[in-house]
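Asker: Predicted model, plus sequence, below.
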Amino acid sequence: MTIYQESQGILDHMFNACTTAQISEFIPEKRGFRLHGHSTTVTLERAFWNVLDAMAQDCGLPVPRLIEQVLDSCMVANDKNLSSCLRVICLKYLNIYAMGSETSAAP
């Protein structure tokens, strides 16, 4: 099942989905956490916070503990930018788990 009309291209569909009603998804939002005893502020667009919330729920962890795991495991490749690592982790989660569950639920 596709999420866009065949008469539209994928990008056209995505751009049409970017309405003013969804503007909050694009606005960067800062959240403060204590990670390994240190105060840290992370800035991400609301769309990424939504994915992190879902990931944390799936893992049975609070969001700060999930972020600590990203900090401990994924910062090897990019030791300067936690927000960047979190965005990539969100995309990987959506590609592997969210899309995987769609295809496994198909008859």
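Answerer: Looks like it came in fine.
Asker: May I ask which helix or strand of this structure has the lowest mean pLDDT?
Answerer: Using mean pLDDT, DSSP states H and E, helix 99-104 stands out as the lowest-scoring helix or strand of the chain, at a mean of 53.
Asker: list the contacts for the closest residue to Cys59 other than its chain neighbours?
Answerer: Spatial nearest neighbour of Cys59, chain neighbours left out: Leu66 (6.1 Å); criterion: C-beta to C-beta, 6 or more residues apart in numbering. In this view, the C-beta of every residue, glycine as well, is placed from N, C-alpha and C. For Leu66, the contact set (C-beta atoms under 8 Å, 6 or more residues apart in numbering) comprises 52, 55-56, 59.
Asker: could you show me where the helices are in the protein, in order?
Answerer: When secondary structure is read from DSSP state H, the chain shows helices at 10-17, 46-59, 63-74, 82-93, 99-104.
Asker: Just list what the second one packs against, helices and strands only.
Answerer: Using 3 or more C-beta pairs under 8 Å, 6 or more residues apart in numbering; DSSP states H and E as the contact test, the elements touching helix 46-59 are strand 28-35, helix 63-74, helix 82-93.
Asker: on that earlier part again, drop anything exposed from the contacts of Leu66.
Answerer: Neighbour-count burial (16 or more other C-beta atoms under 10 Å) is assigned, among the contacts of Leu66, to 52, 55-56.
Asker: quick one: Thr43 and Ile27, what's the gap?
Answerer: 10 Å (C-beta to C-beta, to the nearest Å).
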